[in-house]
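[1] Sequence and computational prediction follow.
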Amino acid sequence: MSARTLKIALAASVALNLFAIAAGVTTVVAQAREEQRIEAQHRIPRERSPFHAVLARLDPEVRQQVRSALKASALAARPDFDEARAKRREAVALAASDGFDADRVVSLLNESRTAELRGRARLEADAVQLLATLDPADRAALSEILNRRGRNGGRDQRPAPPQAEKASQKAG
């Protein structure tokens, strides 16, 4: 083979390899994009949550006022919800331990429930105060926030088990 033929063969080989690499990269990128598109279809974007839909119907100035007021309310109620979670975790740990004490577990669960209800009451009271500051159209749109049932999927609070009544009678 002559030097010219070798140069042509080398150039053709390099071109073919570059084409193969480009095709491989394109395939990988396209596959990754398709997977992202499919994942995006299967999850609910935050912007489309019912709360965000309610906020979207408000005037931009009112929307900012509502966001900041509700955020302040949530921050103020956070210690109550933190306490509720801590008491529930403590009750679960005690129930799973060797030193199980039914009365103490019931007491911790009652304290957890009380703290959660205290936090909810604070959120609802702050929401009502906020609603009082809005014009009727905005108030009507935002009144749906009082219908929210929290993260428990709309389940209502169950009454305390009979043991809880016994524990509260002993304490009282």
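    Yep, that arrived. Numbering: from 1, shown residues only.
[2] got any ranges where the protein has weak pLDDT?
    Regions of the chain meeting the criterion pLDDT under 70 cover residues 43-50, 148-172.
[3] Go ahead and confirm Leu109 touches Lys87.
    Yes - the pair formed by Leu109 and Lys87 meets the contact definition of Cβ atoms under 8 Å, at 7.4 Å. No exception for glycine: its C-beta is placed from N, CA and C like everyone else's.
[4] Please report phi then psi for Asp98.
    phi -70, psi -30 (degrees, to the nearest 10).
[5] how many neighbours does it have?
    If you count neighbours by other Cβ atoms under 10 Å, Asp98 ends up with 4.
[6] again with Asp138
    18.
[7] show me the contacts for it.
    For Asp138, the residues meeting the contact criterion (Cβ atoms under 8 Å, 6 or more residues apart in numbering) are Leu58, Asp59, Val62.
[8] can we see that at 10 Å?
    Going by Cβ atoms under 10 Å, 6 or more residues apart in numbering, Asp138 touches Arg57, Leu58, Asp59, Val62, Arg63, Gln65, Val66, Leu131.
[9] quick one: the third one and Leu134, what's the gap?
    In this view, Asp59 and Leu134 are 10 Å apart by Cβ to Cβ, to the nearest Å.
[10] before we move on, what about the fifth one?
    For Arg63, the distance to Leu134 under the criterion Cβ to Cβ works out to 11 Å.
[11] Would you map the helices across the protein?
    When secondary structure is read from DSSP state H, the chain shows helices at 3-42, 50-56, 60-96, 102-132, 136-142, 162-171.
[12] quick one: which of the contacts of Asp138 is nearest Ala9?
    Each of the contacts of Asp138 was checked against Ala9 using Cβ to Cβ; the closest is Arg63, at 67.4 Å.
[13] Tell me how many other residues surround the closest residue in space to that closest one that isn't next to it in sequence.
    The shortest distance from Arg63 to any residue other than its chain neighbours is 5.3 Å, reached at Leu55 (Cβ to Cβ, 6 or more residues apart in numbering). Neighbouring residues of Leu55 were enumerated by other Cβ under 10 Å; the total is 20.
[14] got a list of what Leu55 touches?
    Glu47, Ser49, Val62, Arg63, Gln64, Val66, Arg67, Leu70, Ala141, Leu142, Ile145 are the contacts of Leu55 under Cβ under 10 Å, 6+ apart.
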